[in-house]
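Engineer: Below are the sequence and a predicted model for it; my questions follow.
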Amino acid sequence: MKNDSGFFEMVYDVVRLIPSGRVTSYGAIARYLGTAKSARMVGWAMNAAHALPDVPAHRVVNRVGVLSGKNHFAHPSRMQELLEKEGVQIQEDQVINFREKFWDPEKELSL
DNA sequence: GATGTGACTGACC
DNA sequence: TGGTCAGCCACAT
């Protein structure tokens, strides 16, 4: 990963590595990429990731586990649907046991 | 080339 | 304990 193709590509690579049934935060990805203070950019990248088929943007939520970006999907309920299908329980647009489901690239990829 | 905006986060009051 | 403010960087206009 970490293609020099661009910031977005790096983001996509990380997001693609998120295992099913797990979720991560924009900040975690940003930090992994070295742009911790630019978590917004990750969100921005996700917006563009919308065009890509293999980028599970629904597994990316904000730091408290809220589906902040669900509104950007074709159907807002789609994000929750996909997550629940993968075993992630959602309530009030928020991931239940977010701490348990949380997938930290820095930790999981052991770098 | 300057200005505005955003799927966030951490710090401060 | 909870709401508000500012920073941050890439992309579009």
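Structural biologist: Looks like it came in fine. Residues are numbered from 1 along each chain as shown, chains lettered A, B, ... in the order given.
Engineer: low pLDDT regions in chain A?
Structural biologist: The model of chain A has pLDDT under 70 over residues A:1-5, A:110-111.
Engineer: Which stretches in it count as strands?
Structural biologist: A:24-25, A:60-61, A:90-91, A:94-95 (DSSP state E).
Engineer: residues in contact with the second one?
Structural biologist: I take that to be strand A:60-61. Under the contact criterion Cβ atoms under 8 Å, 6 or more residues apart in numbering, strand A:60-61 has outside partners A:15, A:18, A:23-26, A:29, A:42, A:46, A:67-69, A:95, A:98. All C-beta atoms are positioned from the backbone trio N, CA, C, and that covers glycine.
Engineer: if we go to 7 Å?
Structural biologist: Contacts to strand A:60-61, defined as Cβ atoms under 7 Å, 6 or more residues apart in numbering, come from residues A:15, A:23-26, A:46, A:67-68, A:95.
Engineer: Distance check, the residue nearest to A:Ile96 when sequence neighbours are not counted against A:Arg63.
Structural biologist: Nearest residue to A:Ile96, sequence neighbours excluded (Cβ to Cβ, 6 or more residues apart in numbering): A:Gln89, at 4.1 Å. From A:Gln89 over to A:Arg63 the distance is 18 Å, taken as Cβ to Cβ, to the nearest Å.
Engineer: Kindly report the same for A:Glu92.
Structural biologist: As judged by Cβ to Cβ, A:Glu92 and A:Arg63 stand 16 Å apart.
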